[in-house]
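Peer 1: A structural model of the following input is requested.
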Amino acid sequence: MGADIKSLRNRIRSVDSTLHLTKAMGLVASSKIRRATRNMNQSREYASALEDLVAVLSASPECARSPYMQAKGQGTRLIVIAGDRGLAGGYNANVFRLAATVPEAEVIPLGKRACERYGHSVLSSEHFSGADAKRWADEQCRDFLEGRFERLGILYTRYKSMMSQEATLLWVLPLEKTEKHGGAEPVFEPDEGTVLNAAVPTYLSGVLTACVRESFASEVAARRMAMDSAGKNAQEMIDRLQLQYNRARQNTITQEITEIVAGSGL
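Peer 2: Numbers count the residues shown, from 1 in each chain. Okay, here's the model as predicted:
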């Protein structure tokens, strides 16, 4: 019986240590949520404005000859955005599962977990800057024009709410022709094709930044929910173990009292 009590005491201490860890990580995630969602919303607005501009330009017949609307190379290139650390529920696993549905794609990882999985140098998604996005966008545009790949996709996690995040694949190159909408049409100087070719690297940089920031907000939200769930499970386990521990102690005390009473009657 004494061994059982000692074993239960050790398990309670172990689970209690886990509980403190989950609470600490949950607090860290909570402190990052507001800033992450603010940055995400700002990037969404900027990317949306760029997407509207590119949509207007790509609908123009003059832009049909743009090299960004004609795939010359072969193969698929994916920018896969994952988290910098684990303990975020299925956040990273969902990203890698979706990436596996694009066979034989050349993967460019972003985020420490993605870099570790695909064997590239570690690059943090949390600290990915606008300058990094511009450098990446310029490189992808140059490689596309040189025919090094046929299409480019960005695999990120779309933030729907604190409770829901969804791994999403966004195809960005080549550009797709859009339909013209009614209303006054803007005038571009010197012409639509020139403006489109100059705007695509900025467009890609803005979309990439928005995807990275949305992925990070999703990671933080997923980690917060995962830590809350883990903390509740740990507390329930502690309560059950404590009940077993109290019963074991009570049985031990009862047995000792019985032995004392029996011994005094001899």
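
Peer 1: helices of this protein, residue ranges please.
Peer 2: With DSSP state H as the criterion, the chain has helices at 2-58, 91-99, 112-118, 130-145, 192-264.

Peer 1: which helices and strands sit right next to the fourth one?
Peer 2: Yep, that's helix 130-145 we're talking about. Contact here means 3 or more C-beta pairs under 8 Å, 6 or more residues apart in numbering; DSSP states H and E; on that basis helix 130-145 packs against strand 76-81, strand 165-173, helix 192-264. Every C-beta, even on glycine, is put in place using the N, C-alpha and C of the backbone.

Peer 1: buried residues of stretch 133-140, list them for me.
Peer 2: Going by neighbour count (16 or more other C-beta atoms under 10 Å), the buried part of stretch 133-140 is 133, 134, 136, 137, 140.

Peer 1: per-residue confidence at the nearest residue to the last one once chain neighbours are set aside?
Peer 2: So that's residue 140. If the residues on either side of it in the chain are set aside, residue 140 comes closest to residue 152, at 5.8 Å by C-beta to C-beta, 6 or more residues apart in numbering. pLDDT recorded at residue 152 is 95.

Peer 1: and if you look at the one 10 residues further on?
Peer 2: As predicted, residue 162 sits at a pLDDT of 83.

Peer 1: likewise for residue 3?
Peer 2: 57.

Peer 1: next one: the one 10 residues further on
Peer 2: Turning to residue 13, the model gives it a pLDDT of 81.

Peer 1: again with the one 10 residues further on
Peer 2: The model reports residue 23 with a pLDDT of 78.

Peer 1: I'd guessed it sits against residue 230; true?
Peer 2: No - between residue 23 and residue 230 there is no contact under C-beta atoms under 8 Å: 9.4 Å.

Peer 1: looking only at neighbour counts, state which of these two leads.
Peer 2: Higher neighbour count among residue 23 and residue 230: residue 230, with 19 against 16, using other C-beta atoms under 10 Å.

Peer 1: quick one: contacts for the nearest residue to the more buried one once chain neighbours are set aside?
Peer 2: Using C-beta to C-beta, 6+ apart and skipping residues adjacent in sequence, the residue nearest residue 230 is residue 22, 4.5 Å away. Going by C-beta atoms under 8 Å, 6 or more residues apart in numbering, residue 22 touches 227, 230, 231, 234.

Peer 1: you'd agree the first one is up against residue 20?
Peer 2: What that stands for is residue 227. No - between residue 227 and residue 20 there is no contact under C-beta under 8 Å: 11.4 Å.

Peer 1: neighbour count winner among these two?
Peer 2: residue 227 (23 against 12).

Peer 1: relative to residue 32, how far out is that one?
Peer 2: According to C-beta to C-beta, to the nearest Å, residue 227 and residue 32 sit 12 Å apart.

Peer 1: what pLDDT does residue 243 get?
Peer 2: Residue 243 is given a pLDDT of 83.

Peer 1: scratch that, residue 122 is what I was asking about
Peer 2: Residue 122 carries a pLDDT value of 75.

Peer 1: skipping its backbone neighbours, what lies nearest it in space?
Peer 2: Counting by C-beta to C-beta, 6+ apart, residue 122 lies nearest to residue 115, which is 4.7 Å off, once chain neighbours are set aside.

Peer 1: tally of neighbours for the one you found?
Peer 2: Residues lying near residue 115 (other C-beta under 10 Å) number 20.

Peer 1: cool, residue 187 as well?
Peer 2: Residue 187: 7 surrounding residues under other C-beta under 10 Å.

Peer 1: for it, give me phi and psi.
Peer 2: In terms of degrees, to the nearest 10, the main-chain angles of residue 187 are phi -110, psi 130.
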